[in-house]
Structures are given as structure tokens and as C-alpha cells.
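Novice: my questions are about this predicted structure, shown below with the sequence.
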Amino acid sequence: VERSRGLGDVYKRQLLIGATLSAGTVLAIAALGLLINEKAGIVNLGAEGMMLCAAIAGFATVVHTGNTWLGFAAGMAAGAVLAAIFGVLVIWLNTNQYATGLALSLFGVGFSAFAGISYVQAKLPELPKYAIPVLGDVPLLGPALFRQHPLVYLTMLLVAGLIWFLYRSRAGLVLRSVGESPESAHALGYPVRRIRLAAVVVGGALCGLAGAYISTVYTPLWVEGMVAGRGWIALALTTFATWRPARVLLGAYLFGGVTMLQFHLQATGVQVASQLLSMLPYVATIVVLALISRNPAWIRINMPASLGKPFYPGS
């Protein structure tokens with residue numbers, strides 16, 4: 001009996017670690033997309049709406065094609081298109097970034113609910129089982145760390161690639177200069193508006209990838225509002241990570257662990273109302289932001305100087 005209990009505890013820990021990686025991947029992909037936006041000086045509050053539209057686009061694509069990777073592509077395309085519309089409005093027409101982002105988020109919530117009506121009862125084909133040879137069979141950690149969807153590992157590579165791009169490449173330096181001082185970048189001959197639009201579109205595509213991952217892999221179904229605030233958490237995560245890609249990944253796993261902890265506590269029989277446990281990720285977000293805001297000078301040092309500020313080439 002004792003041995004079976006011990007094996008059960010080990011299995012629960014494996015599930016918790018594996019679920020944390022999967023949940024953190026959603027937040028990491030979306031937050032990295034928003035990080036690229038903000039490095040260029042653009043704040044996009046429409047992540048929630050883009051992720052929802054991408055979720056239904058990816059889900060519908062997989063329903064009709066049976067190919068998860070095509071679903072990812074459809075989600076990225078949906079996110080990129082919505083981000084491009086947002087970019088044209090705020091970069092060329094100089095609409096308010098915050099109001100336009102909120103409008104995009106509200107539009108995404110409503111449009112995804114309308115477009116997804118006929119897919120509520122639809123079922124996806126069963127996902128294949130993934131495992132890294134040899135490592136997937138390692139006791140204890142193997143099933144938790146090395147039997148994840150390939151996108152989990154691609155996200156880690158994306159972080160490494162983004163670090164190199166931002167801090168080791170000329171294009172990354174130009175992108176950061178646009179976020180710090182668009183006037184200076186414009187004076188040097190760089191097309192500030194086009195660079196910002198490109199950053200917004202890439203960021204939207206990554207938010208779309210995160211949304212498609214939710215509906216096709218993380219919870220393979222379609223339910224209205226299934227993103228459930230993850231877009232807002234990803235937005236807060238960029239500030240929590242002080243606009244550093246590696247910290248975004250660590251923070252995503254932290255918030256992913258908090259999200260999964262509620263289910264782990266319920267499975268272990270903790271006598272706490274499920275509503276209180278469901279609040280944990282959002283309470284953690286508020287607490288972290290409150291702690292960070294106690295040192296505004298530290299935020300100013302790391303924050304792109306032109307974040308949220310419009311740029312007028314003619315001025």
C-alpha cells in the first residue's frame with residue numbers, strides 16, 4: 001500500500017511538472033510576441049482578442065484538415081492579420097494605442113464567439129504521443145520533461161533566438177533603437193513606421209500561435225472565451241520580466257505552475273473552494289505587478305523609452 005501511494009505521488013508530481021511546462025508555453029509564446037511589440041515602442045492590449053480569434057481559426061482548420069501544424073499556421077495568420085489592422089490604425093492613423101488595443105480585444109471576444117458557434121461540439125483527431133528517444137524513458141523526470149509537444153521545446157529555442165536577435169544582431173539593435181528613440185532612428189534613415197508595423201505583425205503572429213496551441217493541443221476543444229484571461233497575463237508578464245526574453249520564459253513557467261497548482265490541490269483533496277483556487281493565477285499577477293510597481297525607477301531603466309508614444313515623422 002505504501003509503495004502504491006509513493007508511486008501515486010510521483011505520478012502526480014510528473015503530471016504537475018508536465019502540465020506546468022504546457023501551460024507556461026502558452027503564456028511564453030504570447031508574451032514573447034508582446035515583448036517584440038513593446039521593444040519597438042508599441043503597446044498592444046488586444047492580445048486576448050487575437051488569441052481567441054486564432055484559437056477558433058486553428059481549431060476549425062484542424063477539424064477540416066486533421067493537421068495540427070496547419071492549425072498553428074492558421075492561428076498565426078489570424079493573429080498577424082488582426083495585428084496588421086491594429087498597426088495601421090495606431091502607426092499610420094495615430095489612433096490611441098490603448099483604446100485601439102482594447103477595441104481589438106473586445107472585437108476578438110465577440111467575433112470568435114460568433115464564428116465558433118458551429119464548432120462547439122466538434123472533436124479533433126487524437127494527438128500523437130511525443131517523446132524524445134532515450135530521455136523520455138528516464139525515471140521520474142523523463143515523462144514530465146521529455147514527452148511534451150514539440151512546440152514546448154521550440155518555444156525554448158525561440159527564446160534563445162530572440163535573445164541573439166535583440167542583443168547580438170544589427171536588425172535587433174535597430175528594433176530596440178526604434179523603441180528607445182524613434183526620432184533618432186528616423187534621422188539616421190531607418191523606416192520607423194515600417195519597422196514598427198513589422199514588429200506588431202510578428203507579435204500578433206506569435207499571439208495567434210499561442211491561441212491556436214490552446215485550442216488544438218493544450219485543451220483540444222472549442223469553448224467560447226477559452227483563452228480565459230491568458231492574454232492579459234501575458235501582457236503583465238512582459239513588465240514582470242522587465243522586457244527580457246529569458247525572464248519571460250521563467251515567469252511564464254511560474255505563472256503556469258500557479259495555474260496548474262489549483263488542479264493539483266483539488267486532486268489531493270485540499271478543502272478549499274474551487275472558485276478561490278481558480279483565482280490564484282490572477283491574484284499572483286496582481287501581487288507581482290504591485291511588488292514591481294514599488295520601484296518605478298527600476299521599471300523606467302528597463303522599459304523602452306518611447307513605449308506607448310506615437311511617432312510623427314513630419315514633426
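Specialist: Looks like it arrived, so ask away. Nothing here was measured: the structure is a model prediction, and the numbers come from that model.

Novice: OK, contacts around Leu145?
Specialist: Leu145 is in contact with Ile17, Gly18, Leu21, Leu135, counting by CB atoms under 8 Å, 6 or more residues apart in numbering. In this view, the C-beta of every residue, glycine as well, is placed from N, C-alpha and C.

Novice: could you turn the buried ones of these into a PyMOL selection?
Specialist: Entered in PyMOL, the line below selects the buried ones among those, by 16 or more other CB atoms under 10 Å:
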select buried, resi 17+18+21
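
Novice: from the contacts of Leu145, which single one is nearest Asn44?
Specialist: Leu21 (25.9 Å; CB to CB).

Novice: other residues contacting stretch 118-138?
Specialist: By CB under 8 Å, 6+ apart, stretch 118-138 touches 56, 59-60, 62-63, 66, 68, 142-143, 145-150, 216-217, 220-224.

Novice: and for stretch 196-207?
Specialist: Residues contacting stretch 196-207 (CB under 8 Å, 6+ apart): 29-30, 32-37, 39-42, 44, 47, 50-51, 54, 76-77, 79-84, 86-88, 91, 175, 178, 182, 231, 234, 311.

Novice: let's go with 6 Å and repeat that
Specialist: 29-30, 32-34, 36-37, 40, 42, 47, 50-51, 76, 79-80, 82-84, 87, 91 (CB atoms under 6 Å, 6 or more residues apart in numbering).

Novice: related to what we said a few turns ago, redo the contacts of Leu145 as a markdown table? Include distance to Leu254.
Specialist: Formatted as a markdown table, those follow (distance: CB to CB, whole Å):
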| residue | distance to Leu254 |
| --- | --- |
| Ile17 | 13 |
| Gly18 | 16 |
| Leu21 | 12 |
| Leu135 | 24 |
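
Novice: the contacts of Leu145 in helices, which ones?
Specialist: The helices, defined by DSSP state H, take in Ile17, Gly18, Leu21 from those.

Novice: the first one contacts Gly142, doesn't it?
Specialist: Read it as Ile17. No - Ile17 is beyond contact range of Gly142, at 10.9 Å (criterion: CB atoms under 6 Å).

Novice: now stretch 192-212: buried residues?
Specialist: 192-193, 195-212.

Novice: actually stretch 134-149, not the one I wrote
Specialist: Gly142, Pro143, Ala144, Leu145, Phe146, Arg147, Gln148, His149.

Novice: looking at it, the last one is touching Tyr218, isn't it?
Specialist: Put plainly, it is His149. No - the pair His149 / Tyr218 is not scored as a contact, 8.7 Å apart, by CB under 6 Å.

Novice: residue ranges with poor pLDDT in the stretch 1-150 of the chain?
Specialist: Residue ranges of the stretch 1-150 of the chain with pLDDT under 70: 1-13, 140.

Novice: same thing but at 90, please
Specialist: Across the stretch 1-150 of the chain, the ranges flagged by pLDDT under 90 are 1-20, 22, 121, 125-147.

Novice: mind listing what Ile214 touches?
Specialist: Contacts for Ile214 (CB under 6 Å, 6+ apart) come out as Val26, Ala55.

Novice: can we see that at 10 Å?
Specialist: Shown in contact with Ile214 (CB atoms under 10 Å, 6 or more residues apart in numbering): 23, 25-26, 29-30, 51-52, 54-55, 58-59, 75, 220-222, 226-228, 230.
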